[in-house]
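>>> here is my input; please provide its structure:
(2 chains)
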Amino acid sequence: MTDHALGDDALSERNHSPDTHDRYDPRFAPTHPPLSAHEATVEAHRCLYCYDAPCIQACPTHIDIPTFIRKIATDNLRGSARTILEANFLGGTCARVCPVEELCEGACVLNAEDKPIAIGRLQRHAVDHVQQRGVPLFQPGPPTGRRVAVVGSGPAGLSVSAELAKLGHAVTLLEKRELGGGLSTYGIIVLREPVEVSLREVEAVRALGVTVETGHELTGKAGLDTLLSEYDAVFLGLGLGAVPAMGIPGEEHLIDGLQYIEDSKLHPERLPHSANVVVIGAGNTAIDAATIARRRGADVTMLYRRTEAEMTAYRHEYEFALSEGIGYRFLTQPVRVVSEDGKVKGVECVKMVLGVPDTGGRPTPRPLPGSEFVVPGDAVIKAIGQEKPALAHELGLDVSGGYIVVNPKMQTSLPRVYAGGDCVRVRGTASTVMAVQDGKYAAAAIHGQLLQHAESHPQEAAHG
Amino acid sequence: MADLSVNFAGIRAPNPFWLASAPPTNSGAQIHRAFEHGWGGAVWKTIGAPVLNISNRYAGLSIAGQRLLAINNVELISDRPLDVNLREIAEIKRLWPDRAVIVSAMVDASPEAWREIVMMIEDTGADGIELNYGCPQGMSERGMGAAVGQVPEMCELNTHWVTSVTRLPVIVKLTPNVTRITEPAHAAIAGGANALSLINTINSVMSVDLDTLQITPNIGGRGTHGGYAGPAVKPIALNMLTELLTDPQVLRSGVPVCGMGGIVTWKDAAEFLLLGAGAVQVCTAAMHYGYRIVEDMIDGLSNWMDDKGFATIADVSGRALPQVSTFGELDLGYQAVARIDPDKCIQCNLCYVACNDTAHQCIDLVAGNGVRVDPGYDVRVNGKAVADTRPTPVVREPDCVGCALCANVCPVDGCITMVSVPGTQQSVSWDALTAQRPEIASSWDAMMAYRAEQGIEIH
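Below you'll find the predicted structure:
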């Protein structure tokens, strides 16, 4: 069969980028190279094609994984990609960023006595095949005359936009930044996902007739009211904010981990040249930032106030960081950034001891008096979480713990306003794929509401 | 250490692994190299009438990424001049006196043509002659090969022409492209054959290329049928071997049979031997991997024979034949059911879907609390932990007909076994039953009455 996937894919990943082609840096080559056509065929044939397979259930978007793999095995790559993207419009991103060990691959029956099927890499093989060739798989639905505004073009926003467009609704997707794609574009390190992959997904939504307006920010209640007057429903995929302040002396010297990752993707020339980098935090973002610094040649030390057992990063991420040569200091709390003549020299820390479990079940660390010491470093990156969406309050929505409150249909306290993605999620687990699923739930609910509305107001519907 | 030597119709060899008449036995240099690797014998690629070969000649069968599960050829007999072949045969036999050197031949269907080639073969010092009545393509259109093998009268006559003029053992190689393999076998025996060999290649069209829409192999924009061989044909070969070696007329004649068709490993060879082959021939596997494969064939067979306490090939040969029966002789009262080992089950649930969709709907999915559940899942639940709460397939034994489909689809060795259980039906064969009560074979009412008597319930 004509399948030029190997050569083309490998090349285009590097060269066809609209944004990064002239500064390709081999240190940031994707961790996993694409599967060759032969590798994909062999791997696909390993799949048992389980009935009612556990991988399908384990996937938050419930992609029919055995079916898409079978289609790879039969050289039906277009059909395979359709099977994936029908369930998950961001199948290309998810193939790269999903913690597959915790989801589909973790549930594979072959774990029992063998290694699981490389589901993520097979998914990427199929989706890349169509997206790199621009093969159209979906059509906009027959127009319903209904209009929906989607705020935020991250995974949740793209997902809801695509699903609504397929149902025939006119969707306008508003993005405050210069490029669409949200977290996928700005927040995922190139090792996992090159920028062009997420930009292709933005283009795929555009191809369904969605109007994408970048540089358009929702700033307050008045803006939401305007949207509600112009659109039949509004979806908020606001994401989360910057890394919060640590409130320690020398705060001004701290580098925001998210900004660091963003610069590594879009403006690598802005990254500081550091020989000795300290990263505060031990979540997945912290590991990503540490990986970038390490690949740029720095010695990297990660500081975490609890122990290995309480880390929020996935186990495989932690092990990846160790294999990259990144060092860890546990039970270590930064208390001050040490600087001389405006230059960072290190971080003063205090030893911690673990105490009684908090409400979440994790032991509370407390400082050990008199245990202060300095971890040397010429750059200090903080990656201790993200600020809650401050906008949520201003929009007059019910908020809990800083996150927007939604019902199972992703409907907020305002009846025509829905929300999804990180701005509604208290825990960040498997965030991209969960955001995609939020988008699907919201699209189904919005569609249901608009149809109901159309039935009860036939005249209005007829006139759009 | 088992003795692997054979004496097949008077042809002696240190082991039963012979290269079949085919491209691997095309020249003296090749056979010399093969013998260095340990092959016990070789049947020289068919010599005879002048031919011109074409390119390309082979098409391969791949399944699930595995290459060359079968090969299909449109190659003819040797395209090297007769005198070259004959000279090299003589040289090889002189260099390798302990190995079986057999010459395959195919000429026009005339006594003169056969007499002439037989004399030339005898002069080489070869150990035997194999008559190629098999090639299904190219030569058959010229009245040779399968054109002879498919017509018992021709088969007998041609064989007789050869056996009446030679003192060498004559092996008749049968074509599988017939309805009943015993008919040409009987004809060969009637013609004086000293031994039989089978199978030659099966008529086939390998594939159509979905890009070019060309039949493979594509020979200048045209395609033709070819001879099919390789691992995929083994079950057909084993059946034909069994048919010969359970046929009273063949058994009475006492002619040995050399088995071939899909032998890739010593295990394949052992199966042919157990079903009565006196030696085996190999071609496709050597074409796939080279002559070196014979080392493991010899070693593996020898180790297996030692494990089983078989001292000689004769001890092995035909050991499985007493089990061969007709359907009418099988015990209707025998009952097996499938048992799934829950500790080995990985919950792929292929047994469930196979049984439910295409067999007898006797496997249930059972949740951890022992309650039978339907397939499906809660869309709000996800994560790898879902695998821990996955339902397990359980056989409803009273409803299991023992079809064994589940055991065949199960990907885990030893997870599903077919277990013999006390049958509800009397132990009787169909032949015995219908001899006593012939109405059962002709009347559904009588059949239903018999089932009621026996407590047989069909689900």
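>>> tell me which parts of chain B are close to chain A?
Neighbours of chain A within chain B, by Cβ under 8 Å from any Cβ of the partner chain: B:64-65, B:210-211, B:346-350, B:352-353, B:375-387, B:390, B:411-412. Heads up, the C-betas are built off the backbone N, CA and C, glycines and all.
>>> swap in 7 Å and give it another go.
Residues of chain B that fall close to chain A, judged by Cβ under 7 Å from any Cβ of the partner chain: B:64-65, B:210-211, B:346-350, B:352-353, B:375-377, B:379, B:381-384, B:386-387, B:390, B:411.
>>> select from these every entry located in helices.
B:350, B:352, B:353 (DSSP state H).
>>> how much space between residue A:153 and chain B?
Using Cβ to the nearest Cβ, to the nearest Å, residue A:153 is found at 24 Å from chain B.
>>> just the pLDDT for the residue of chain B at minimum distance from chain A.
With Cβ to the nearest Cβ, the shortest gap between chain B and chain A falls at residue B:384, namely 2.7 Å. Looking at residue B:384, its pLDDT is 94.
>>> on that earlier part again, can you flag the buried ones in the residues of chain B next to chain A?
Applying 16 or more other Cβ atoms under 10 Å in any protein chain shown to the residues of chain B next to chain A, the neighbour count classes B:346-350, B:352-353, B:377, B:382-384, B:386-387, B:390 as buried.
>>> from these, which is closest to residue A:318?
Residue A:318 lies nearest to residue B:384 out of these, by Cβ to Cβ, at 17.0 Å.
>>> that closest one: what's its closest spatial neighbour, skipping adjacent residues?
Nearest residue to residue B:384, sequence neighbours excluded (Cβ to Cβ, 6 or more residues apart in numbering or on different chains): residue A:106, at 2.7 Å.
>>> got the confidence number for the one you found?
In the predicted model, residue A:106 carries a pLDDT score of 97.
>>> count of neighbours near it?
Neighbour count for residue A:106, taken as other Cβ atoms under 10 Å in any protein chain shown: 21.
>>> measure it to residue A:316 for me?
Distance of residue A:106 to residue A:316, given as Cβ to Cβ, to the nearest Å: 10 Å.
>>> for residue B:192, same thing?
For residue B:192 relative to residue A:316 (Cβ to Cβ), the value is 73 Å.
>>> which parts of the chain belong to which domain?
Because you didn't say which chain, this covers chain A. Residue ranges for the domains of chain A, per automatic domain parsing: A:8-131, A:147-241+A:387-462, A:251-382.
>>> not what I meant, chain B
With domains defined by the TED database, chain B comprises B:6-323, B:328-420.
>>> most packed of those?
Ranked by mean neighbour count, the domains of chain B are led by domain B:6-323 with a mean of 20 (mean count of other Cβ atoms under 10 Å in any protein chain shown).
>>> quick one, helices of the stretch 151-300 of chain B?
Secondary structure of the stretch 151-300 of chain B (DSSP state H, counting those that start in this stretch): helices at B:152-163, B:182-190, B:234-245, B:248-253, B:266-274, B:284-289, B:294-308.
>>> residue of the stretch 1-150 of chain A closest to chain B, please.
Closest approach between the stretch 1-150 of chain A and chain B, counting by Cβ to the nearest Cβ: residue A:106, at 2.7 Å.
>>> wait, a helix at that residue?
Yes - secondary structure assignment places residue A:106 in a helix (DSSP: H, G, I helix; E, B strand; the rest coil).
>>> which of the three states applies to residue B:126?
Assigned by three-state DSSP, the conformation of residue B:126 is coil.
>>> that one touches residue B:101, doesn't it?
Yes - applying Cβ atoms under 7 Å, one finds residue B:126 in contact with residue B:101, separated by 4.9 Å.
>>> which stretches of the stretch 1-150 of chain A form strands?
Ranges of strands in the stretch 1-150 of chain A, per DSSP state E, counting those that start in this stretch, are A:147-151.
>>> so where's it uncertain?
A:1-25 (pLDDT under 70).
>>> chain B contacts on that one?
Checking the stretch 1-150 of chain A against chain B by Cβ under 7 Å from any Cβ, the hits are A:1-2, A:41-42, A:45, A:48, A:50-52, A:54, A:57-60, A:62, A:102-103, A:106-107, A:109, A:112.
>>> so how do I select the buried members of these in PyMOL?
Buried subset of the residues of the stretch 1-150 of chain A next to chain B, written as a PyMOL selection, criterion 16+ other Cβ under 10 Å:
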select buried, chain A and resi 41+45+48+50+51+52+54+57+58+59+60+62+102+103+106+107+109
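>>> show me the residues of the stretch 1-150 of chain A next to chain B that map onto helices.
Per DSSP H, the residues of the stretch 1-150 of chain A next to chain B map to helices at A:41, A:42, A:45, A:54, A:57, A:58, A:106, A:107.
>>> adding distance to residue B:295, write these out as TSV.
Converted to TSV, those look like this (distance: Cβ to Cβ, whole Å):
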residue	distance to residue B:295
A:41	31
A:42	27
A:45	29
A:54	44
A:57	49
A:58	46
A:106	43
A:107	43
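>>> circling back: mind listing the shared neighbours of residue B:126 and residue B:101?
By Cβ atoms under 7 Å, 6 or more residues apart in numbering or on different chains, residue B:126 and residue B:101 have these common neighbours: B:89, B:93.
>>> so residue B:30 makes contact with residue B:24?
Yes - at 6.5 Å, residue B:30 counts as touching residue B:24 under the criterion of Cβ under 7 Å.
>>> measure the closest residue to residue B:145 other than its chain neighbours to residue A:292 for me?
Nearest residue to residue B:145, sequence neighbours excluded (Cβ to Cβ, 6+ apart): residue B:135, at 3.4 Å. Relative to residue A:292, residue B:135 is positioned 67 Å away (Cβ to Cβ).
>>> also residue A:262?
Residue A:262 sits 11 Å away from residue A:292, going by Cβ to Cβ.
>>> who has more neighbours out of the two?
residue A:292 (27 against 18).
>>> where do the helices sit along the stretch 151-300 of chain A?
In the stretch 151-300 of chain A, the segments counted as helices under DSSP H, counting those that start in this stretch are A:155-166, A:183-186, A:195-207, A:221-230, A:257-266, A:284-295.
>>> now swap in the stretch 301-450 of chain A and tell me
A:315-324, A:391-394, A:431-456.
>>> looking at those, which is buried most?
Sort these by mean neighbour count, taking mean count of other Cβ under 10 Å, and helix A:431-456 sits at the top with a mean of 22.
>>> ok, and does it reach over to chain B?
No - using Cβ under 7 Å from any Cβ, we find that helix A:431-456 stays clear of chain B, coming within 8.3 Å at best.
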